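Student: the following block contains a protein sequence and its predicted model.
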Number of protein chains: 2
Amino acid sequence: MVKNLKSLEEKILKEGEILPGNILKVGSFLNHQIDADFMMEMGREIARLFAHEKVDRILTIETSGIPLAFAAAASLHVPMVFAKKNRTGNLSGNLYTATVHSYTHGVDYTVVVEKKYVPAGERVLIIDDFLANGKALTGLSEIVTMAGSQVAGAAVAIEKGFQQGGDHLRRHGMRVESLAIIESMDGNTLTFRHE
Amino acid sequence: MVKNLKSLEEKILKEGEILPGNILKVGSFLNHQIDADFMMEMGREIARLFAHEKVDRILTIETSGIPLAFAAAASLHVPMVFAKKNRTGNLSGNLYTATVHSYTHGVDYTVVVEKKYVPAGERVLIIDDFLANGKALTGLSEIVTMAGSQVAGAAVAIEKGFQQGGDHLRRHGMRVESLAIIESMDGNTLTFRHE
């Protein structure tokens, strides 16, 4: 079920920084500086994994999910929509909203999407950069369900396998593809899960 | 100097919504829902316009500048960096900061970039979705200058030509390429500038 992208594991080992509190910083290529060619490669890999899932649309969440979601959307030739955090200004019309708990920042926040950009009757692929506790993916999947559409699955770049999110979502029947799964982060030693 | 992208003008006329206060909503393809194929086309056009400018890096600002900046970075095969708004959490090391005044929201905000992602001695292309008063592009160009790099120019999808930003920046010597320039928005009538 899980296919790891070797080039991503190598990039994490080479460029990632481990900070206290199991924080992995990958700002050099994933969520501050973007390695455009590599991001396109990850997008193509997600497109390959979901090629037979009849994906109509990709849904992500601002900010750091946007490049990967866009790269996958460009490969699948489908529209991409990003949910916005904590904002309603300049958003008109009816909104879908979901509440997401952030463990990193210890707060709940609201994500919103204009209803017209999540039409009913579609198959929606949810994408984010990181998967830890899975609350962001859960919030986005609630929006898809509210819209009368179906979750085709979820794809992330890096899953923290030692947290509960990915396994929990899989147990509940969601197809979750992570391009790299970190099994453990012990000091400066990082181990990947391979299945 | 200005080359308009006909397909963008058509898309603005077909899908754009004009709201009171000269607000143009293009959430159907540019900054909420993203038309991935069309965004890649705009990125290729920017790459073509700046093909001879020896661009080393693209700098943009979260959130809505990211898809276009990424599309251009994918075409130019250079890294892209996005400045973050009002946040320093989870950003380590030394930061470049600039203050940007938002007319839309009537406030000043701070944008930050980790210094290591804007190295010295490069030629940097600045990209955003909209250009109105030009304050965002100015703030980003200040960061490029602080870093000891050179602004290769700026590219945006939509310029509001009836505001001062683009013309002001051009008068001060910046190469500014806008894929569409709106000369006037009068009620529901929208006129483009062609040069």
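Tutor: Yep, it's here.
Student: quick one: residues contacting the residue most central in space within chain A.
Tutor: Taking Cα atoms, centre = their mean, the centroid of chain A lies closest to A:Asp128, which sits 1.6 Å from it. Residues near A:Asp128 by Cβ atoms under 8 Å, 6 or more residues apart in numbering or on different chains: A:60-61, A:64-65, A:68-69, A:136-137, A:140, A:154, A:156. C-beta: built from backbone N, CA, C; applies to glycine.
Student: from these, which land in strands?
Tutor: Taking DSSP state E as the definition of strands, these contribute A:60-61, A:154, A:156.
Student: sorry, back to before: ok, the contacts of A:Asp128 vs B:Leu179, which is closest?
Tutor: Distance ranking of the contacts of A:Asp128 against B:Leu179, using Cβ to Cβ, places A:Ala69 first at 22.2 Å.
Student: tally of neighbours for the closest one?
Tutor: Neighbour count for A:Ala69, taken as other Cβ atoms under 10 Å in any protein chain shown: 29.
Student: cool, the one 4 residues further on as well?
Tutor: Applying other Cβ under 10 Å, we find 29 other residues in the vicinity of A:Ala73.
Student: now swap in A:Ile66 and tell me
Tutor: Here the number of neighbours of A:Ile66 (other Cβ under 10 Å) works out to 26.
Student: that one: what's it in contact with?
Tutor: A:Ile66 neighbours (Cβ under 8 Å, 6+ apart): A:60, A:82, B:63, B:66-67, B:70.
Student: go on, A:Ile46?
Tutor: Counting by Cβ under 8 Å, 6+ apart, A:Ile46 makes contact with A:68, A:71-72, A:75-76, A:125, A:127, A:155, A:177, A:179.
Student: average pLDDT across stretch A:160-175?
Tutor: For stretch A:160-175, the mean pLDDT works out to 96.
Student: check stretch A:125-132 too.
Tutor: For stretch A:125-132, the mean per-residue pLDDT is 97.
Student: check the offset of that stretch from the chain's centre.
Tutor: For stretch A:125-132, the separation from the chain centroid amounts to 1 Å (computed by Cα atoms, centre = their mean, to the nearest Å).
Student: where does A:Asp37 fall, phi/psi-wise?
Tutor: Recorded main-chain torsions at A:Asp37 are phi -60, psi -40, according to degrees, to the nearest 10.
Student: that one contacts B:Ala74, correct?
Tutor: Yes. Between A:Asp37 and B:Ala74 there is a contact at 7.0 Å, judged by Cβ atoms under 8 Å.
Student: between these two, who's got more neighbours?
Tutor: More crowded of A:Asp37 and B:Ala74, by other Cβ under 10 Å: B:Ala74, with 26 against 13.
Student: with adjacent residues omitted, what lies nearest to the more buried one?
Tutor: Computed as Cβ to Cβ, 6 or more residues apart in numbering or on different chains, the closest residue to B:Ala74 that is not its neighbour in sequence is A:Ala36, at 4.5 Å.
Student: that older thread, and of the contacts of A:Asp128, the nearest to B:Lys14?
Tutor: The shortest separation between B:Lys14 and any of those is 24.2 Å, and it belongs to A:Ala69 (by Cβ to Cβ).
Student: any idea which element A:Phe38 lies in?
Tutor: Under the assignment given by DSSP states H and E, the secondary-structure element containing A:Phe38 is helix A:36-49.
Student: same question, A:Leu30
Tutor: Counting by DSSP H and E, A:Leu30 is found in no helix or strand.
Student: tell me the contacts of it?
Tutor: With contacts taken as Cβ under 8 Å, 6+ apart, A:Leu30 has the following neighbours: A:39, A:64, A:67-68, A:129, A:157-158.
Student: if I look at the residue nearest to A:Ala154 when sequence neighbours are not counted, how far off is B:Phe192?
Tutor: Nearest in space to A:Ala154, with sequence neighbours left out and distances taken as Cβ to Cβ, 6+ apart, is A:Ile126 at 4.3 Å. For A:Ile126, the distance to B:Phe192 (Cβ to Cβ, to the nearest Å) stands at 37 Å.
Student: wait, isn't A:Gly139 in contact with A:Thr110?
Tutor: No. Between A:Gly139 and A:Thr110 there is no contact under Cβ under 8 Å: 9.0 Å.
Student: which stretches in chain A count as strands?
Tutor: Secondary structure of chain A, counting by DSSP E: strands at A:17-19, A:23-25, A:33-34, A:57-61, A:80-85, A:95-102, A:107-114, A:123-131, A:150-160, A:176-186, A:189-192.
Student: now for the last one, which elements pack on it?
Tutor: Contacts of strand A:189-192 with other secondary structure elements, assessed using 3 or more Cβ pairs under 8 Å, 6 or more residues apart in numbering or on different chains; DSSP states H and E, are made with helix A:6-15, strand A:176-186.
Student: just these: most buried one?
Tutor: When those are scored by mean count of other Cβ atoms under 10 Å in any protein chain shown, the highest mean neighbour count falls to strand A:176-186 (a mean of 20).
Student: neighbouring strands of that strand in the sheet, and parallel or not?
Tutor: Strands adjacent to strand A:176-186 in the sheet, as given by DSSP bridges, are strand A:150-160 (parallel), strand A:189-192 (antiparallel).
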